[in-house]
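Undergrad: Test case, fold it:
(chains A and B)
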Number of protein chains: 2
Amino acid sequence: MSPRNKVAILGGPPIFNTPLNIVRPRFPQDEIIFDRFKAALRSGQVTNNSPWVVEFEAQLSKYLDVPTLNFCNGQAALLAMMKAADIEGKEVIVPSFTFSATPHAVRWCGGIPIFADIKNDGSLTIDPEDVERKISSKTAAIMGVCPYGIAADYEALHDIGKRHGIKVYFDSAPAFGTKVDGKLVGGFGDAQIFSFHATKAFSTMEGGCVCSNDKAFMERVKNIRNFGLMANGDCEEPGFNGKMPEIAALIGIEQLKTFHEAAAVRRQAVARIRKGLENIPGLTVAQAPANQEPIWLYLPVIVDAAQYGLNRDQVAAVFEKENLFVRKYYSPPCHHLTTYKQAGEVLPHTETAAYNVVALPVYNDMTEDECDGIVQAFVDAHRSAAQIAELRI
Amino acid sequence: MSPRNKVAILGGPPIFNTPLNIVRPRFPQDEIIFDRFKAALRSGQVTNNSPWVVEFEAQLSKYLDVPTLNFCNGQAALLAMMKAADIEGKEVIVPSFTFSATPHAVRWCGGIPIFADIKNDGSLTIDPEDVERKISSKTAAIMGVCPYGIAADYEALHDIGKRHGIKVYFDSAPAFGTKVDGKLVGGFGDAQIFSFHATKAFSTMEGGCVCSNDKAFMERVKNIRNFGLMANGDCEEPGFNGKMPEIAALIGIEQLKTFHEAAAVRRQAVARIRKGLENIPGLTVAQAPANQEPIWLYLPVIVDAAQYGLNRDQVAAVFEKENLFVRKYYSPPCHHLTTYKQAGEVLPHTETAAYNVVALPVYNDMTEDECDGIVQAFVDAHRSAAQIAELRI
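TA: Predicted structure coming up:
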């Protein structure tokens, strides 16, 4: 990239000629998918545990090394997991720094989400110490989250759960492909869910799964996925339709074949952007513990306006003119949403992150030029911060 | 068909050489679907109100003559409708003679399902008189059901709702295509849902929709479908992911083009089977009011064992040997499921129907031979009833 006299918002040419959107979903185009799909349409077996859904489930169980049940989407997986967790009328401790889907699942199952703060170590994950402070006689479970694919502190949470005799679940919607100690996550806690939504690194268009080594729990999850119907025709608790359609499984099976390559590209992209940003004042790039290799659904950067010269909202507006579309995930934090707001609740690290974060795109096929363009956007905006600030955007 | 000496269960040849399953889903195979799907996969726009989902929604709204919102499946549509109905802690009167999905949706939304009996007029639909008896100070709504596609008594329920100041909803999961007074149903009551599941006459593999002329209600349903997120980024109530994927819409758009033909075939098949069964003692074929043209997802027949010579379970077992696979929908009735059972609750017409019904298959491409084979199965089983009864099946 040639140096510019001006950033785009001040009249210069944009860094990117075509928009860099927050996601760039990539789907396999192999004829095998369409051949199998056509056969499924001919046979009429397009859902209800159709053959390729069953096959995909077997492949996932092997891939993740934990029994896995497919769902039509990640939220359905989360609802089934929470339903089987027996939380009605009880409290579930969750982070506030997460997509609202997390506390929603607790509410749908009749539970009360109790928000814990996140750590101040750059991982943006739920703080086990604050979790422990928030345990009460009504606590039924802890639900950790893996924001952006950064795994929550599994060991510390597991230890707390054990000491207090409460279950530990993980909403790992964005974390399919993340490794801890060299091993793909999936068997964390009492159960764990993933989303395969189009925005995710591993996608079946819409889809998701529940993973658990607890046989009885998974039997219940399976029944809940099919309206709560049991093999004997009776029903002991209401379920819903959480079934994955055949076509999603067909896509997933092909995705799985090349996913390790996509994961490598994502991690290289993050390393390159991280290196590029390291000397710019006022930017804190999220950092996972050393034993982790997150899948990096996005790369979150916390902007310290005083040092960087522009605040998060200004950065996002400036970048938009560069054709770089970032997101303010997760902002507002859940405890500031009307449905969860409680007077006086303060979660300092969550609030700092939520109101200063920009989530940068990370793609399965990201190029080095794209990484460098993102770095340039930060460099140039910082250099022109004073002028940009005068625009009062 | 040539006359047989014996029914299959007594050693004769089966009526059907290939199994007549309870459903025979038919999906379009047009290249336009695959061309559009491939383009969607290339673009990455495979969900989240993708272009063909929006188009399909517009087509459905026009077809049904009521604003319509797509969902990933019928149960998601039902959940969203009940959520927007504000029933938390309140009672909703529903039939017990329905798929358990109906009361489940009430429970998921924090409501209490109160079961009303069905009419004794052969329609198998909720009895408005019993509904009125069950209204209490806690009643928030009535949810009628259109079993097998037979429309509930819309006018009577609407009248009750009006007099008591309570809302009237319809779980019309199987009824897409049913006509009342010559008009496609869709705008019944305060809101109505349909399922597009593979088992349904109109199918998008998995899918469903909510229909309502109430603008504010539909705005809420739309937000609920997307996690409860509002345009301003806030959230006033928990939603979930109810989004229909692009491929379901692509299938639906093609299905819609020929659906009137499928509907005609289904109605002709039902008329032919009905005529064939009319002189067999002990069989009551479900009958819709004269102003209706149901889509007939299945054709329910109530078997009076004393007159017919075999009970419903025997009939189903005998038919299985003829390669004719019927279902015992909806049995057990919801008020006999463990999760809903209450000591002493008796719904006489519901129980008679539930424990004596066989649901016969009706296909979009049913042949006259198939209809005649079904009739023959009933004729032959009745003729051999005494011998079959000796088998003690």
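
Undergrad: Now the single nearest residue of the stretch 251-393 of chain A relative to chain B: closest residue in space, sequence neighbours ignored.
TA: Proximity to chain B, evaluated over the stretch 251-393 of chain A using C-beta to the nearest C-beta, is greatest for A:L337 at 4.3 Å. C-betas here are computed from N, CA, C, even on glycine. Distances taken as C-beta to C-beta, 6 or more residues apart in numbering or on different chains place B:C235 nearest to A:L337, at 4.3 Å, with adjacent residues excluded.

Undergrad: residue contacts, that neighbour?
TA: By C-beta atoms under 8 Å, 6 or more residues apart in numbering or on different chains, the contact list for B:C235 reads A:S100, A:L337, A:T338, A:T339, A:Y340, B:F227, B:G228, B:L229.

Undergrad: Can you lay out these as CSV showing secondary structure?
TA: Putting these into CSV (DSSP: H, G, I helix; E, B strand; the rest coil) gives the following:
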residue, secondary structure
A:S100, coil
A:L337, coil
A:T338, coil
A:T339, coil
A:Y340, coil
B:F227, coil
B:G228, coil
B:L229, strand
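
Undergrad: Helices of chain A, residue ranges please.
TA: Assigned helices in chain A, in chain order: A:31-43, A:51-64, A:74-83, A:101-108, A:128-133, A:154-164, A:215-225, A:246-277, A:305-308, A:312-321, A:348-354, A:368-383, A:385-390 (criterion: DSSP state H).

Undergrad: Just name whatever secondary elements the second one is in contact with.
TA: Just to be clear, that refers to helix A:51-64. In terms of contacts (3 or more C-beta pairs under 8 Å, 6 or more residues apart in numbering or on different chains; DSSP states H and E), helix A:51-64 is packed against strand A:68-71, strand A:208-211, helix A:246-277.

Undergrad: highest average neighbour count across those?
TA: Sort these by mean neighbour count, taking mean count of other C-beta atoms under 10 Å in any protein chain shown, and strand A:208-211 sits at the top with a mean of 28.

Undergrad: Sheet-wise, list the partners of it with their directions.
TA: Counting by DSSP bridges, the strands paired with strand A:208-211 are strand A:68-71 (antiparallel), strand A:191-195 (antiparallel).

Undergrad: Output these as a markdown table; include the columns mean pLDDT.
TA: As requested, the strands paired with strand A:208-211 are arranged in a markdown table below (pLDDT from 0 to 100):
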| stretch | mean pLDDT |
| --- | --- |
| strand A:68-71 | 98 |
| strand A:191-195 | 98 |
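
Undergrad: Quick check: residues of the stretch 1-150 of chain A near chain B?
TA: By the rule C-beta under 8 Å from any C-beta of the partner chain, the part of the stretch 1-150 of chain A lying against chain B is A:23-29, A:34, A:37-38, A:41-42, A:44, A:46-48, A:72-76, A:79, A:99-101, A:103-104, A:107-108, A:110.

Undergrad: do the stretch 251-393 of chain A as well
TA: Within the stretch 251-393 of chain A, the residues that sit near chain B (C-beta under 8 Å from any C-beta) are A:P332, A:L337, A:T338, A:T339, A:Y340.

Undergrad: what sits against A:K215?
TA: For A:K215, counting by C-beta under 8 Å, 6+ apart, the contacting residues are A:P67.

Undergrad: I'd like the distance between it and A:I9.
TA: Per C-beta to C-beta, to the nearest Å, A:K215 is found 57 Å from A:I9.

Undergrad: do the same with A:V318
TA: When C-beta to C-beta is the yardstick, A:V318 and A:I9 sit 5 Å from each other.

Undergrad: so where's the stretch 201-350 of chain A shaky on pLDDT?
TA: Across the stretch 201-350 of chain A, not a single residue meets the criterion (pLDDT under 70).

Undergrad: Settle this for me: A:T125 is touching A:A116, isn't it.
TA: No: counting by C-beta atoms under 8 Å, A:A116 is not a contact partner of A:T125; they are 10.3 Å apart.

Undergrad: Residues that sit against both of the two, list them.
TA: Common neighbours of A:T125 and A:A116, counting by C-beta under 8 Å, 6+ apart, are A:P95.

Undergrad: Now stretch A:143-152: average pLDDT?
TA: Confidence for stretch A:143-152, expressed as mean pLDDT, is 98.

Undergrad: quick one: that stretch to chain centroid distance?
TA: Distance of stretch A:143-152 from its chain centroid, counting by C-alpha atoms, centre = their mean, to the nearest Å, is 7 Å.

Undergrad: got the domain boundaries for chain A?
TA: Residue ranges for the structural domains of chain A, counted by automatic domain parsing, are given in the record as A:8-24+A:259-390, A:31-254.

Undergrad: Around A:E390, count how many other residues there are.
TA: Applying other C-beta atoms under 10 Å in any protein chain shown, we find 9 residues neighbouring A:E390.

Undergrad: Using PyMOL, make a named selection holding only the buried ones among the contacts of B:C235.
TA: Written as a PyMOL command, the selection of buried residues from the contacts of B:C235, which uses 16 or more other C-beta atoms under 10 Å in any protein chain shown, is:
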select buried, (chain A and resi 100+337+339+340) or (chain B and resi 227+228+229)
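
Undergrad: For A:N364, state which of the contacts of B:C235 is nearest.
TA: Sorting the contacts of B:C235 by distance to A:N364 puts B:F227 at the head of the list, at 24.3 Å, by C-beta to C-beta.

Undergrad: ok, the nearest residue to the closest one once chain neighbours are set aside - contacts?
TA: Here the nearest residue to B:F227 in space, its sequence neighbours aside, is B:G239; by C-beta to C-beta, 6+ apart that works out to 4.5 Å. Residues in contact with B:G239, defined by C-beta under 8 Å, 6+ apart, are A:H104, B:A80, B:K83, B:N223, B:I224, B:R225, B:N226, B:F227, B:G228, B:L229.

Undergrad: Give me the ChimeraX select line for those residues, limited to the buried ones.
TA: Selection of the buried residues among these in ChimeraX, burial being defined by 16+ other C-beta under 10 Å:
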select /A:104 /B:80,83,223,224,225,227,228,229
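
Undergrad: related to what we said a few turns ago, so for A:V318 and A:I9, which sits in the more crowded spot?
TA: A side-by-side neighbour count of A:V318 and A:I9, using other C-beta under 10 Å, places A:V318 first with 24 against 21.

Undergrad: Was I right to think the more buried one contacts A:N311?
TA: No: shown here, A:V318 and A:N311 do not form a contact pair, counting by C-beta under 8 Å, at 10.6 Å.
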